[in-house]
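> Structure, please.
(chains A and B)
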Protein chains: 2
Amino acid sequence: MEYPSRLIEDAVNEVSKLPGIGKKTALRLVLHLLKEEATSTKNLSHSLNQMREKVKYCTICNNISDDEVCRICNGFKRDKSLLCVVEDTRDVMAIENTSQFSGIYHVLGGVISPVEGIGPDQLTIIKLLDRITAEDSIIEEVIFALSPTMEGDTTIFYITKKIEKIKVKVKVSSIARGVPIGGELEYIDEITLGRSILSRTVYNHS
Amino acid sequence: MEYPSRLIEDAVNEVSKLPGIGKKTALRLVLHLLKEEATSTKNLSHSLNQMREKVKYCTICNNISDDEVCRICNGFKRDKSLLCVVEDTRDVMAIENTSQFSGIYHVLGGVISPVEGIGPDQLTIIKLLDRITAEDSIIEEVIFALSPTMEGDTTIFYITKKIEKIKVKVKVSSIARGVPIGGELEYIDEITLGRSILSRTVYNHS
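You can find the predicted model right below:
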C-alpha cells in the first residue's frame, strides 16, 4: 500500500503493531484522528504515555495499582485467608466484576509456556511462596483461577508441587471447570462435561 | 467496570474513543502496551502526535501530502485532463492501488449528509468548481468515484448541477456500478444487477 504521506505511514505502522489491528484498521484509526480535533490525538498519546511511565505494581500482589499497595490488598473488608492466583490484571477485574470473591489476589504475570519461552522464573511464583510461608501469613486456601489450557494446568501443577514441598498447611484449589451457565448440555464438549461432575476441584495434599 | 488504576482507566477511556474499539478491546491494547517495552508506547504516541501536527493537505487536490503539492498533482506522467472526485484519502489510495487510473484527483473531504449535518459548504466543492473553470484548466472529464449510497448520489447530483450552471464544456461521469468481479449473478441484489447493464454511466449535459 502506498501512503500519501510519510507521517501517515509512520503512524499506521506504529498503530498496526498493536495486537489484532491490521494496516487497514490502523489507517482508518489514523485518518479518524486526523478528522477529529488535534486535542483528541494529544489526549490519547498523553494518557498512553502517562500510563506507561507512571503505572505502579502493588508490592504485595503484583496487580496494577496507583499506590505502593493496591486497593484490594489494603481493603479492610477483604478476607486475607483466601488467596486467588490469577494470570493478569484482566482476570482480577473479571473476578471482581462477579462480586463473588472477597479474598485477596496474587497476579502471576503470565503462565508457564515453553512455546512462548515463559518459564517459572519470569512469573512471581517465588513471591507467592514467600507470601504463603511468611510468619504473619494467615492464608488458609490458595485458589487457582487460571485459564483451562495446557499452560494454565502446567502452572497449577508446578506451583502445587512447590507448595507441597514447603510443608505449609494450606488448602489448594482451582475454580470449577464445567458447563458454562446458559450452555446447553448437548453442545458442551466431552472434556468439559466430564470435568463438570466435580464443581470445585480440591487438590488437597495430605 | 472498575479499573485497578486511574492511569489505566484514563488510557482505556481515550483509546475506546476510537471508532470500532470498545472498552474491552481498549483494555487489551493498553495492557499490551504495558507488557511491551516503554519505547513502544513512546514511538506510538510520538508518531500520532507528529502525524496530527505536521500533516499537510495538497493545495490543489486537498489530498493528504508531505508537501504543498502532492505527488500525484506533481506527477509528470499523470493525465491532467481526467479529474477523479473522491470522498477521502482512503479512496485515492484504493484507486491508486488498482493502477487503472492515470489522471488526477479531487478530495471532497466527505459527502453531503443531512443526517450527519454535512452540507455542501463543508466540502471542497467550490475549490473543485474553481479548478474546472480556471483559465489554464485542461480538465476534460470529471469522474465521480463516490460510494453508491444516498449521500454519494446526492453529492454527485449537487455537483453535476453546479457544473451545468457554470457552462463549461466538461464531460461528467461516475465509476461503473455493477456486479463485483467474482460475484455470482444469482446472489447480487436487484438494484445492483439492474444498474450493471450500464457500465460507465455518462451524465452528459447537452
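> Burial check on A:Glu190, number of neighbours?
Applying other CB atoms under 10 Å in any protein chain shown, we find 7 residues neighbouring A:Glu190. No exception for glycine: its C-beta is placed from N, CA and C like everyone else's.
> Actually, A:Lys77.
Neighbour count for A:Lys77, taken as other CB under 10 Å: 5.
> what kind of secondary structure is it in?
Recorded secondary structure, A:Lys77: coil (DSSP: H, G, I helix; E, B strand; the rest coil).
> Next, the residue nearest to it when sequence neighbours are not counted: secondary structure please.
Spatial nearest neighbour of A:Lys77, chain neighbours left out: A:Ser102 (6.9 Å); criterion: CB to CB, 6 or more residues apart in numbering or on different chains. Three-state call for A:Ser102 (three-state DSSP): coil.
> Provide a list of residues in contact with A:Ser102.
For A:Ser102, the contact set (CB atoms under 8 Å, 6 or more residues apart in numbering or on different chains) comprises A:77-79, A:82.
> Give me the buried subset of those.
A:78, A:82 (16 or more other CB atoms under 10 Å in any protein chain shown).
> quick check, nearest of the contacts of A:Ser102 to B:Asn63?
Proximity of the contacts of A:Ser102 to B:Asn63 (CB to CB) peaks at A:Arg78, which lies at 57.7 Å.
> Count the neighbours of the closest residue to the closest one other than its chain neighbours for me.
Leaving aside its sequence neighbours, A:Arg78 sits nearest to A:Ile104 (CB to CB, 6+ apart; 5.4 Å). Residue crowding around A:Ile104 was assessed by other CB under 10 Å; the count is 22.
> and A:Ile104, what does it touch?
With CB under 8 Å, 6+ apart, A:Ile104 has these contacts: A:60-61, A:72-73, A:75, A:78-80, A:82-84.
> for it, which residues make a bridge with it?
Judged by DSSP bridges, the bridge partners of A:Ile104 are A:Leu83.
> What distance do you get for it to chain B?
Distance of A:Ile104 to chain B, computed by CB to the nearest CB, to the nearest Å: 13 Å.
> And chain A, split by domain according to the record?
With automatic domain parsing as the criterion, the domains of chain A are listed as A:6-54, A:76-195.
> ranking those domains by burial, who's on top?
Most buried of the domains of chain A by mean neighbour count (mean count of other CB atoms under 10 Å in any protein chain shown) is domain A:6-54; its value is a mean of 18.
> Any part of it near chain B?
Yes - against chain B, domain A:6-54 shows contacts by CB under 8 Å from any CB of the partner chain at A:6-8, A:10-11, A:13-15, A:17-21, A:25, A:27-34, A:38, A:40-54.
> Can you tell me the SS state at the residue in chain A positioned nearest to chain B?
Going by CB to the nearest CB, chain B is nearest to A:Ser45 of chain A, at 3.1 Å. The three-state assignment at A:Ser45 reads helix, by three-state DSSP.
> name the element the closest residue to A:Ser113 other than its chain neighbours belongs to?
Excluding its sequence neighbours, the residue lying closest to A:Ser113 (CB to CB, 6+ apart) is A:Glu151, at 4.6 Å. If you go by DSSP states H and E, A:Glu151 is part of helix A:150-165.
> Tell me the helices and strands packed up against that helix.
helix A:125-133, strand A:141-144, strand A:171-174 (3 or more CB pairs under 8 Å, 6 or more residues apart in numbering or on different chains; DSSP states H and E).
> My guess is A:Asp79 contacts A:Tyr105. True?
No - using CB atoms under 8 Å, A:Asp79 is not in contact with A:Tyr105; the gap is 11.7 Å.
> overlap in contacts of these two?
Common neighbours of A:Asp79 and A:Tyr105 (criterion: CB under 8 Å, 6+ apart): none identified.
> where exactly do the helices run in chain A?
For chain A, helices defined by DSSP state H occupy the ranges A:6-15, A:23-35, A:38-54, A:71-74, A:89-98, A:125-133, A:150-165, A:190-195.
> Mind putting the ones you listed into a markdown table with distance to B:Ile163 and mean pLDDT?
Below are the helices of chain A laid out as a markdown table (distance: least, CB to CB, whole Å; pLDDT from 0 to 100):
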| stretch | distance to B:Ile163 | mean pLDDT |
| --- | --- | --- |
| helix A:6-15 | 31 | 93 |
| helix A:23-35 | 27 | 91 |
| helix A:38-54 | 34 | 92 |
| helix A:71-74 | 64 | 90 |
| helix A:89-98 | 56 | 87 |
| helix A:125-133 | 73 | 92 |
| helix A:150-165 | 64 | 91 |
| helix A:190-195 | 66 | 67 |
